[in-house]
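Asker: mind folding the following:
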Amino acid sequence: MSLSRNNRRYALGVEGLIWLILCILQCGFPRLAVAQSQQAVSLEAIQGGLLPARETAESSGDRSPDQELPGYITGTVIDQTGAVAVGARVRLAREDRFQIQEVSSGDTGQFSFAKLAPGPFHLTVTAAGFDTQRFNGELGPGQLYVVPAIRIAVAAVVTEVHVGLPQVEVAREQIKEQEKQRVLGFIPNFYVSYVPDAAPLNSKQKFALAWKSTIDPFTFVGVGALAGMQQATNDFAEYGQGMQGYAKRFGAAYADVVSSTFIGSAILPSLLKQDPRYFYKGTGSLRSRALYAFANTVICKGDNKRWQPNYSLILGSFATGGLSYLYYPKSDNTATEIVVQNSLIRIGESAFENVLQEFVIRRLTPRLQHHTPAE
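Answerer: Below is the predicted model:
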């Protein structure tokens with residue numbers, strides 16, 4: 001009985017001591033007690049499902065300050081060989097922000113963005129002559145995000161390569177083929193092209209073709225035969241007969257050939273940028289081909305491959321006719337009549353020659369240019 005009372009007194013004494021300590025704490029440290037009591041209430045409310053955890057954390061002031069810390073993004077741009085890419089444009093875009101930042105890679109290829117809010121980000125890297133590269137990542141609070149080396153590759157460029165010779169070289173090869181064109185195998189037929197889209201001739205090639213034509217052996221044979229016929233019919237009687245008369249007739253006829261060839265096929269075509277050749281048609285009806293042949297007396301192809309008035313032939317005929325007046329014997333006709341008459345004769349001869357080229361001469365020419373149109 002006395003023992004149980006003593007135990008009871010001991011228990012009451014311990015409880016009293018604990019109560020006394022709590023009172024002292026509440027009186028001496030009231031803020032700590034309030035905080036402890038609020039924390040206890042909050043914990044009981046969360047465990048009981050009475051308050052959401054986010055509201056409890058906000059109300060208790062437990063938000064972590066790390067969530068507001070700014071972050072940093074840095075990286076390096078290199079090319080496909082591994083060398084640093086200087087001056088590449090690096091653009092930073094954020095999903096939740098409208099502002100776009102842009103920097104250039106430095107001398108070491110590095111770039112950086114500072115004081116960035118945490119969250120997803122997108123990088124776009126561009127450089128002249130290189131393909132665009134992209135990188136996506138997510139920046140954490142206070143994080144220094146090191147982007148893996150961004151490698152930019154040379155942009156693929158589609159280039160059309162035309163394998164072939166320059167126009168001058170093409171024209172030179174075509175002229176070589178034309179110089180092999182001989183009617184019946186021996187009469188030169190240099191001023192006709194059987195290639196409809198032949199390359200235009202430059203001035204040097206026009207003069208070279210004229211020179212080749214005037215010094216061809218058959219040219220001398222033809223001029224000699226013409227002078228012989230003129231002497232036989234006693235044309236230009238003022239020249240007389242014998243070797244002296246024949247030489248005068250030969251010289252006048254050869255002067256006609258040289259002047260008409262160089263003026264009408266080299267000098268004027270070079271100045272007016274026209275092609276002195278006849279372009280064989282070879283297709284269509286007989287009527288269309290005949291009209292084409294006659295029309296080529298007054299029209300021709302320019303060096304730009306477009307049809308235009310044949311000033312070279314027309315002016316060349318009058319120039320040659322006027323020049324011939326200087327060395328042919330004077331007649332009863334006036335100089336103007338002689339020039340006009342000789343000029344019209346040359347234009348008519350050109351029209352007749354074109355008709356022969358279109359319908360006859362091709363059949364009599366064993367060696368022709370390649371790519372001839374089918375008849």
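Asker: for the residue nearest to Gly245 when sequence neighbours are not counted, list the residues it contacts.
Answerer: Closest residue in space to Gly245, ignoring its immediate chain neighbours: Tyr239 at 4.4 Å, by C-beta to C-beta, 6 or more residues apart in numbering. For the C-beta atoms, the positions are set from N, CA and C on the backbone; glycine is no exception. For Tyr239, the contact set (C-beta atoms under 8 Å, 6 or more residues apart in numbering) comprises 231, 245, 248-249, 252, 329.
Asker: which one of the residues you listed is nearest Ala149?
Answerer: When the contacts of Tyr239 are compared for distance to Ala149 (C-beta to C-beta), Ala252 wins out at 87.5 Å.
Asker: CA-only coordinates of the helix or strand that closest one falls within in PDB, if you can.
Answerer: Following DSSP states H and E, the helix or strand that holds Ala252 is helix 242-262. Extracted C-alpha coordinates of helix 242-262, given in PDB (Å, rounded to 0.1, in the frame of the first residue of the first chain):
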ATOM      1  CA  GLY A 242      46.100  37.500-176.700                       C
ATOM      2  CA  MET A 243      47.800  36.800-173.300                       C
ATOM      3  CA  GLN A 244      47.500  40.400-172.200                       C
ATOM      4  CA  GLY A 245      43.800  40.500-172.800                       C
ATOM      5  CA  TYR A 246      43.300  37.100-171.100                       C
ATOM      6  CA  ALA A 247      45.300  38.300-168.100                       C
ATOM      7  CA  LYS A 248      43.200  41.400-167.800                       C
ATOM      8  CA  ARG A 249      40.000  39.400-167.900                       C
ATOM      9  CA  PHE A 250      41.400  36.900-165.500                       C
ATOM     10  CA  GLY A 251      42.400  39.700-163.000                       C
ATOM     11  CA  ALA A 252      39.000  41.400-163.200                       C
ATOM     12  CA  ALA A 253      37.100  38.100-162.700                       C
ATOM     13  CA  TYR A 254      39.400  37.100-159.800                       C
ATOM     14  CA  ALA A 255      38.900  40.600-158.300                       C
ATOM     15  CA  ASP A 256      35.200  40.000-158.400                       C
ATOM     16  CA  VAL A 257      35.500  36.800-156.500                       C
ATOM     17  CA  VAL A 258      37.900  38.200-153.800                       C
ATOM     18  CA  SER A 259      35.900  41.400-153.200                       C
ATOM     19  CA  SER A 260      32.500  39.700-153.100                       C
ATOM     20  CA  THR A 261      33.800  36.900-150.800                       C
ATOM     21  CA  PHE A 262      35.600  39.200-148.300                       C
END
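Asker: ok, and what's touching it?
Answerer: With C-beta under 8 Å, 6+ apart, helix 242-262 has contacts from 207, 210, 213-214, 219-220, 223-224, 226-228, 230-231, 235-236, 239-240, 316-317, 319-320, 323-324, 327-328, 346.
Asker: next: stretch 216-224.
Answerer: Under C-beta under 8 Å, 6+ apart, the answer for stretch 216-224 is 186-188, 213, 250, 253-254, 257.
Asker: how about stretch 141-154?
Answerer: Identification of contacts with stretch 141-154 by C-beta under 8 Å, 6+ apart yields 66-80, 85, 88, 118, 123, 125, 127, 129-131, 133, 135, 137, 139.
Asker: contact partners of stretch 294-304?
Answerer: Taking C-beta under 8 Å, 6+ apart as the rule, stretch 294-304 contacts 200-201, 273-279, 307-310, 312-314, 347, 350-351, 354-355.
Asker: those residues in helices, which ones?
Answerer: Counting by DSSP state H, the part of these found in helices is 312-314, 347, 350-351, 354-355.
Asker: before we move on, the earlier item: show me which of the contacts of helix 242-262 are buried.
Answerer: Listed as buried from the contacts of helix 242-262 are 207, 210, 213-214, 219, 223, 226-227, 230-231, 236, 239, 316-317, 319-320, 323-324, 328, 346; burial here means 16 or more other C-beta atoms under 10 Å.
Asker: in the protein, which spans are strands?
Answerer: Here the chain has its strands, by DSSP state E, at 71-79, 89-94, 97-104, 110-116, 119-126, 133-139, 144-146, 150-152, 182-183, 187-188, 192-193, 278-279, 299-301, 307-309.
Asker: relative to strand 97-104, how tilted is the first one?
Answerer: Which is strand 71-79. Interaxial angle, strand 71-79 versus strand 97-104 (axes from the mean of the first three to the mean of the last three C-alpha atoms, to 10 degrees): 40 degrees.
Asker: using PDB, write out every CA atom in strand 71-79.
Answerer: Provided in PDB are the C-alpha atoms of strand 71-79 (Å, rounded to 0.1, in the frame of the first residue of the first chain):
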ATOM      1  CA  GLY A  71      20.800  28.800 -65.700                       C
ATOM      2  CA  TYR A  72      23.500  29.000 -68.400                       C
ATOM      3  CA  ILE A  73      23.800  27.300 -71.800                       C
ATOM      4  CA  THR A  74      27.200  26.900 -73.600                       C
ATOM      5  CA  GLY A  75      28.600  24.800 -76.400                       C
ATOM      6  CA  THR A  76      30.900  24.600 -79.400                       C
ATOM      7  CA  VAL A  77      30.200  24.600 -83.100                       C
ATOM      8  CA  ILE A  78      32.600  22.600 -85.400                       C
ATOM      9  CA  ASP A  79      32.600  21.700 -89.100                       C
END
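Asker: what is that strand packed up against?
Answerer: strand 89-94, strand 110-116, strand 119-126, strand 133-139, strand 144-146, strand 150-152 (3 or more C-beta pairs under 8 Å, 6 or more residues apart in numbering; DSSP states H and E).
Asker: make TSV from these and add distance to Pro196 to it.
Answerer: Formatted as TSV, those follow (distance: least, C-beta to C-beta, whole Å):
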stretch	distance to Pro196
strand 89-94	53
strand 110-116	60
strand 119-126	49
strand 133-139	52
strand 144-146	68
strand 150-152	50
